[in-house]
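S.K.: I'd like to go over a predicted model; first the sequence, then the structure.
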Amino acid sequence: MKVLFIFPPLTMEERYSKRVGSVGGYLAPLGLAYMASVLLREGHDVKITDAPALGFTNTDVLKEIGKWEPDFIGMTALTSMIQRVSELGRKIKEQHPDTVLGIGGPHATIMPRETLRDTKADFVIMGEGEITIPDALRNVRKSKKAGIIQGKPVEDLDSIPFPARDLLPMERYTALPNNYKRDPHTINMITSRGCPYQCTFCCKAIYGMRYRLRSVGNVMEEIRQVAEKYNAKEIAFWDDLFTMRRKWVMGLCDEILKEGLDIAWSCETRVNMVDREMLAKMKRAGCWNIFYGIEAGDQRLLDNIQKGTTLEQARKAVRITKQSGIEVRGSFMIALPGETPELARSTIRFAIELDPDYAQFTVTTPFPGTRLYNEASKWGRLSRRFNEYNEWNPVFVPRGYRDAEEVKEIHREAFRRFYMRPGYILKRISRTRSLSDFRRNLTGLKMIMGFR
């Protein structure tokens, strides 16, 4: 069967808001690449059209479909792009009524009936699709009946093949300016699925709460593959909880050091999941940057979102990470439940106190499927304009704020006060060692200026 997977069109402005614009970057859609690899193993003829990376509009995507005439089309649906997915899905079924159309992804998982109806798809897969999609293609092809299919979680992550990166325009993927050290064409990779924590702003619809982890050997094999095949100099581990299993992290670092792999890498984790010994080994194995979800500078705000961490844990994690020689990126949220402008300024002051190498300030976005989405009316006003659910537009306004414009003002203030400090600017200049560093700093400055 000829299979075409589509990551629907989404411009930089739509993804990051007009204030950030072209500064943003794109990384490979691993979900589609995993699905593609499974179907390739089943003997199907598979292609992937990553419309954002290629700069494609819906019209361009429809032209690609007309040229290749696939038997099955699969699309992913994020909340911010569901309107575009619906428009494209209806056009596909109008122009190619015999082509089977399936939709997956976070929004389709949370709102399957609405997605099925609005996109005119033949079926929607909820959750993980690698185990389910081969049978789904066979069954739907026979019956032609629309339906909602519950995907089966992958119990053994080593059992699925590596993402089919050779079907993607790898040369077009670039990380954000503060997300790479050696090469903007950073390879993204996932080593685990699931998260047992219950932060109210986080959606567990796809991977659930049960934590599953690939073996060290399996991850090492993929690292070798991307190093040899794509000349990867840098890897961004996308796991929400990269340091969840301390023994596993130490084992991976030991293998990287044993093989003498010259690879830079970064990861994401929580402030309560690091220690000095582990950080020291991570540094020796090539880790140069860790992204921590710090979120707020007031304990009441952290408790409101059930973050499960304390300000002191954040202070310690940032301090020992810096002391290990690893750069810190800190994530902070503006317009949290129960927040007022003054409490937001507590978060800004805390970010300045911690002084991470980079601070990311996003606007709280209660995505469908999160507890915060269901309880939004308890805390404030929530817009249902899904195309603005990108963490940069104030779709949620807590009662402590006058209106959405006041949220925007505080958001701008956060970037301005953190990045326009003379001490911070001098630090960045002093650490500029190469043309690549200069370009990163210049691109980052361009982004900050967009918030002034």
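M.R.: Ah, there it is. Numbers count the residues shown, from 1 in each chain.
S.K.: Strands along the stretch 201-350 of the chain, start to end?
M.R.: 212-213, 234-237, 264-269, 287-295, 327-334 (DSSP state E, counting those that start in this stretch).
S.K.: So which of those is the most surrounded?
M.R.: With neighbours defined as mean count of other Cβ atoms under 10 Å, the strands of the stretch 201-350 of the chain peak in mean count at strand 287-295, which reaches a mean of 24. To be clear about C-beta, it is placed using only N, CA and C from the backbone, and glycine gets the same treatment.
S.K.: got the angle between it and strand 327-334?
M.R.: 20 degrees (axes from the mean of the first three to the mean of the last three Cα atoms, to 10 degrees).
S.K.: Between the two ends of stretch 95-115, how far is it?
M.R.: One end of stretch 95-115 to the other measures 19 Å (Cα to Cα, to the nearest Å).
S.K.: buried sites along it?
M.R.: Using 16 or more other Cβ atoms under 10 Å as the test for burial, stretch 95-115 gives 96, 99-112, 115.
S.K.: pLDDT on that stretch, on average?
M.R.: Stretch 95-115 shows a mean pLDDT of 95.
S.K.: Could you tell me how far that stretch lies from the centre of the chain?
M.R.: Taking Cα atoms, centre = their mean, to the nearest Å, one finds stretch 95-115 lying 21 Å from the centre of the chain it belongs to.
S.K.: what helices or strands is the strand or helix carrying Ala359 leaning on?
M.R.: In this assignment (DSSP states H and E), Ala359 forms part of strand 358-363. Counting contacts by 3 or more Cβ pairs under 8 Å, 6 or more residues apart in numbering; DSSP states H and E, strand 358-363 packs against strand 327-334, helix 404-419.
S.K.: For that strand, C-alpha coordinates in PDB please.
M.R.: Extracted C-alpha coordinates of strand 358-363, given in PDB (Å, rounded to 0.1, in the frame of the first residue of the first chain):
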ATOM      1  CA  TYR A 358      18.700  31.100  29.100                       C
ATOM      2  CA  ALA A 359      15.200  31.700  30.400                       C
ATOM      3  CA  GLN A 360      12.100  30.800  28.400                       C
ATOM      4  CA  PHE A 361       8.900  32.600  29.400                       C
ATOM      5  CA  THR A 362       5.800  31.100  28.000                       C
ATOM      6  CA  VAL A 363       2.200  32.100  28.500                       C
END
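S.K.: Begin at 21 from now on, thanks
M.R.: Let's use 21 as the start, then, which means that last one is strand 378-383.
S.K.: State the next helix or strand along the chain beyond it.
M.R.: Next along from strand 378-383, by DSSP H and E: helix 391-394.
S.K.: buried ones in the helix or strand following that following helix?
M.R.: Where DSSP H and E defines the elements, the next helix or strand beyond helix 391-394 is helix 396-399. Counting neighbours by 16+ other Cβ under 10 Å, one finds that the buried residues in helix 396-399 are Ala396, Trp399.
S.K.: What residues sit buried inside whichever helix or strand comes after helix 396-399?
M.R.: Next in sequence after helix 396-399, counting helices and strands by DSSP H and E, comes strand 400-402. By neighbour count on 16+ other Cβ under 10 Å, the buried set for strand 400-402 is Gly400, Leu402.
S.K.: got the end-to-end distance for stretch 257-277?
M.R.: End-to-end distance of stretch 257-277 (Cα to Cα): 17 Å.
S.K.: Now do the buried residues in that stretch.
M.R.: Neighbour counts over stretch 257-277 (16+ other Cβ under 10 Å) mark 257-265, 268-273, 275-276 as buried.
S.K.: mind listing what's buried in stretch 134-143?
M.R.: Thr135, Leu136, Asp138, Thr139, Lys140, Ala141, Asp142, Phe143.
S.K.: end to end, how far does that stretch reach?
M.R.: OK, stretch 134-143 end separation, Cα to Cα: 12 Å.
S.K.: ok, now stretch 175-194?
M.R.: Taking Cα to Cα, the first and last residues of stretch 175-194 lie 31 Å apart.
S.K.: contact partners of that stretch?
M.R.: Contact partners of stretch 175-194, identified using Cβ atoms under 8 Å, 6 or more residues apart in numbering, comprise 45-50, 53-54, 56-58, 60-61, 66-68, 70, 73-74, 150, 174, 204-208, 212-213, 232-235, 238, 241-242, 245-246, 249-250.
S.K.: Pull the residues that contact stretch 248-265.
M.R.: Residues from elsewhere that reach stretch 248-265, judged by Cβ under 8 Å, 6+ apart: 47, 50, 185-186, 190, 195, 199-203, 206-212, 215, 217, 231, 233, 243, 246, 269, 282-290, 293-294, 298.
S.K.: are any of those residues buried, and which?
M.R.: If you count burial by 16+ other Cβ under 10 Å, the buried members of those come out as 47, 50, 185, 190, 195, 199-201, 206-212, 215, 217, 231, 233, 243, 246, 269, 283-290, 293-294, 298.
S.K.: just to revisit the earlier point, just the ones in helices from the buried residues of stretch 134-143, please.
M.R.: With helices taken from DSSP state H, the overlap with the buried residues of stretch 134-143 comprises Thr135, Leu136, Asp138, Thr139.
S.K.: farthest-separated two in the buried residues of stretch 115-135?
M.R.: Greatest spacing in the buried residues of stretch 115-135, by Cβ to Cβ: His116 and Ile130 (26.9 Å).
S.K.: low-confidence ranges in the chain?
M.R.: Within the chain, the stretches with pLDDT under 70 are 35-44, 161, 163-165, 453-472.
S.K.: So it: which segments form each domain?
M.R.: Taking automatic domain parsing as the criterion, the chain consists of the domains 22-170, 195-469.
S.K.: In CSV: the ones you listed, plus distance to Asp178.
M.R.: CSV is the format used below for the domains of the chain (distance: least, Cβ to Cβ, whole Å):
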stretch, distance to Asp178
domain 22-170, 12
domain 195-469, 4
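S.K.: nearest residue to Asp178 other than its sequence neighbours?
M.R.: Asn238 (4.5 Å; Cβ to Cβ, 6 or more residues apart in numbering).
S.K.: The one you found and Leu261, how far apart?
M.R.: Plainly put, Asn238 is 18 Å away from Leu261 if you go by Cβ to Cβ, to the nearest Å.
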